[in-house]
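# all I have is the shape, not the residue letters:
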């Protein structure tokens, strides 16, 4: 007896593949944006739900990862705009911060991650995207020009250099 596949089987396979390929990087991105693991996990789940619903409309005009990242950022922005999110105080006082981040073996990497978390959102998001996307892809997601992305990255670089007390040896 042969199993007859329905029209949604291919969509489910595509979604499963997308989850396997992109879940980890989207979770990192959402966590950096929302600063709370449970909210980040919820945002990633919502991202894949929205992607599944819109899968037939995805025309492939950009990379799949760019499309998913754009959806994730919109989910995170919506979360941040919600009345519930704005009422909860998510700020961490200096007393609540650990002496040093413990999730990194390399102290320099830990300091850099710490400094990136403190960047203004507009700068933080381009820095986070810059690790995996091109400037035109970032520009499309953020809704600015590639030259604006470049300026934001340079500004973030300056902030990070100052925060880390490092000299710029690259000019």
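That came through, no problem. Since we're looking at a predicted model, the values are computed, not measured.
# run through the chain and note the low-pLDDT ranges.
Applying pLDDT under 70 to the chain flags the ranges 1-9, 83-110, 131, 166-171.
# please parse it into its domains.
Domains of the chain are assigned by automatic domain parsing as 7-91, 93-166.
# those domains into a markdown table, with extra columns for mean neighbour count?
Bear in mind the C-beta positions are built from the backbone N, C-alpha and C, glycine included. Shown next, in a markdown table, are those (neighbours: other C-beta atoms under 10 Å):
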| stretch | mean neighbour count |
| --- | --- |
| domain 7-91 | 15 |
| domain 93-166 | 15 |
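# tell me which element the residue most central in space within the chain falls in.
The chain has residue 29 as the residue nearest its centroid, 2.4 Å off, counting by C-alpha atoms, centre = their mean. Here residue 29, judged by DSSP states H and E, is contained in helix 8-34.
# would you mind pulling up the elements that that helix packs against?
Other elements packing on helix 8-34 under the criterion 3 or more C-beta pairs under 8 Å, 6 or more residues apart in numbering; DSSP states H and E are helix 37-54, helix 64-81, helix 121-130.
# what does the second one rub up against?
Residues external to helix 64-81 that are found in contact with it (C-beta atoms under 8 Å, 6 or more residues apart in numbering): 18, 21-22, 25-26, 29-30, 33-34, 39, 42-44, 46-48, 50-51, 54, 58, 85-86, 125, 129, 132-133, 137, 140-142.
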